[in-house]
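Asker: just the structure for this:
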Amino acid sequence: MRILVDITHPAHAHFFARAIEIWRQRSHEVFITTRRKDIVVDLLSALGLEYVELGVAREGLFGLGMELPIRTARLCQQVARWKPDVMAAIGGVFIAQAGWICRVPSVVFYDTENARLSNLLTYPFCTVVATPRCYEGRVPRSKHVTYAGYHELAYTHPDRFQPDDTILERFGIEPNSPFIIMRLVSWGAAHDVTDHGLTSLEEAVRTLERFGRVMISSERRLPAVLEPLRITASLEHVHHLLAFARLFIGESATMASESATLGTPAVFVSTSVRGYTNEQERKYGLTYTFNDPRSGQADALTKAIEILSNPDCKREWAEKRQRMLDDSIDVTAYITDLVESCGRR
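Answerer: Below you'll find the model as predicted:
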């Protein structure tokens, strides 16, 4: 079988990496297309995955409108040249359009309810939409399948990933040294343009650094005084960092969920919410979401201080994580089998 995987965001590389390995072990051919966004190209190279780059990501609704026809045309050219039996992606707006034009089945994995425009351009044209069962958006019933788990379990499940504390040395972290991960997003995606998160970065850092070193992963420019805190090395190993951090706080729902599935307390600060972080909070107490545009940061820091002041929080989160894992499937196995089944249609 010939499988085309379109990777348009760094997290998507992690999501598909283990499935790609399994497909190749099963003698399937896998062809990867991508676009230049953040560190996605560097990450694919670090993971040893060859790819064809089809352009640069553009920001906002206007940017998506400009990028969609150009990149879809380029993707159609690759489909005509490589002749895949099935295509797969997260979000999937490009493979949905190209698959509909070229008559190739497309499997879309998604979990972001507020990406309304992208979903409108994707769901009518793709073959299958697979979402976590906690997804709160609308999907055509005839195309919708759900699974017990989260995207992030494809690469943080204990059967697929084991944190290694020796890797912390690559980030300059001493053994048993407390540290906190902060994540800042660019707010440039089409579904992010009206949202925001942390409103006073220096205040947040001053509050948190009382409890340990603050390390910042950021898609945007930082104030000069905070630039030394930016994580720049070994970004392909960031999940080892998240696993051993005392706390995650930030604007990325994906990294909040990654932290939760690794057993690290997660504080998510964003004026938009997600079904999966909602479930992780309400059902398991793994994350906390603060979406009030006026008090979000203040409330988030209050919760962060409460968590960091609890000497038993990592043990408690390990127990919460295990309850979540008991309710979840092996997401990588689900990905591999679903895509294969659609390729045989």
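Asker: tell me the mean pLDDT over stretch 322-335?
Answerer: Mean pLDDT, computed over stretch 322-335, is 97.
Asker: span of it from start to end?
Answerer: In stretch 322-335, first residue to last residue: 22 Å (Cα to Cα, to the nearest Å).
Asker: list the buried residues of that stretch.
Answerer: Within stretch 322-335, the residues scored as buried using 16 or more other Cβ atoms under 10 Å are 324, 325, 328, 330, 331, 332, 333, 334, 335. Any C-beta I mention is one placed from the backbone N, CA and C, and that applies to glycine too.
Asker: pull the residues that contact it.
Answerer: Stretch 322-335 is contacted from outside by 15-16, 18-19, 22, 88, 109, 130, 147-151, 153-155, 157-160, 260-261, 280, 283-284, 286, using Cβ atoms under 8 Å, 6 or more residues apart in numbering.
Asker: can you select the buried ones from those residues in ChimeraX?
Answerer: To isolate the buried ones among those in ChimeraX, judged by 16+ other Cβ under 10 Å, type:
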select :15,16,18,19,22,88,109,130,147,149,150,151,153,154,155,157,160,260,261,280,284,286
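Asker: which of the buried residues of stretch 322-335 fall in helices?
Answerer: Secondary structure defined by DSSP state H assigns 324, 325, 331, 332, 333, 334, 335 of the buried residues of stretch 322-335 to helices.
Asker: now tabulate the residues you listed in TSV and tack on distance to residue 69.
Answerer: Below are these laid out as TSV (distance: Cβ to Cβ, whole Å):
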residue	distance to residue 69
324	41
325	42
331	32
332	33
333	36
334	32
335	28
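Asker: let me see the mean pLDDT of stretch 179-187.
Answerer: Here the average pLDDT along stretch 179-187 is 87.
Asker: meant to ask about stretch 7-24
Answerer: Averaged over stretch 7-24, pLDDT sits at 93.
Asker: could you check how far residue 219 is from residue 99?
Answerer: From residue 219 across to residue 99, the span is 29 Å (Cβ to Cβ, to the nearest Å).
Asker: and what of residue 203?
Answerer: In terms of Cβ to Cβ, residue 203 sits 47 Å off from residue 99.
Asker: these two: which is more packed in?
Answerer: Higher neighbour count among residue 203 and residue 99: residue 99, with 26 against 13, using other Cβ atoms under 10 Å.
Asker: how is the protein carved up into domains?
Answerer: Following automatic domain parsing, one gets these domains for the chain: 2-148+329-343, 165-326.
Asker: report the distance from the first one to the chain centre.
Answerer: Averaging C-alpha positions (Cα atoms, centre = their mean, to the nearest Å) puts domain 2-148+329-343 13 Å from its chain's average.
Asker: gap between the two ends of stretch 291-299?
Answerer: Using Cα to Cα, the end-to-end distance of stretch 291-299 comes out at 9 Å.
Asker: cool, and stretch 160-168?
Answerer: Stretch 160-168 stretches 19 Å from its first residue to its last (Cα to Cα).
Asker: list the buried ones in it?
Answerer: So for stretch 160-168, counting by 16+ other Cβ under 10 Å, buried means 160, 161, 163, 167, 168.
Asker: so where is this structure shaky, pLDDT-wise?
Answerer: Applying pLDDT under 70 to the chain flags residues 57-65, 187-197, 345.
Asker: quick one, longest strand in it?
Answerer: Assignment by DSSP state E gives strand 29-36 as the longest strand of the chain.
Asker: work out for me the element residue 240 sits within.
Answerer: Applying DSSP states H and E as the criterion places residue 240 in helix 238-244.
Asker: which strands or helices does that helix pack on?
Answerer: The contact analysis (3 or more Cβ pairs under 8 Å, 6 or more residues apart in numbering; DSSP states H and E) places helix 238-244 against strand 179-184, helix 253-262.
Asker: what's the closest of these to residue 84?
Answerer: Checking these against residue 84 by Cβ to Cβ gives helix 253-262 as the closest, at 26.4 Å.
Asker: which other helices and strands does that closest one contact?
Answerer: Using 3+ Cβ pairs under 8 Å, 6+ apart: helix 253-262 touches helix 153-156, strand 179-184, helix 238-244, strand 247-250, strand 266-269, helix 275-282, strand 287-290, helix 313-326.
Asker: for residue 228, give its distance to residue 216.
Answerer: 9 Å.
Asker: comparing those two, which shows the higher neighbour count?
Answerer: Set residue 228 next to residue 216 and count neighbours by other Cβ under 10 Å: residue 216 wins out with 20 against 8.
Asker: tell me the contacts of the more buried one?
Answerer: Applying Cβ under 8 Å, 6+ apart to residue 216 gives the contacts 181, 182, 183, 184, 205, 222, 226, 229, 230, 231.
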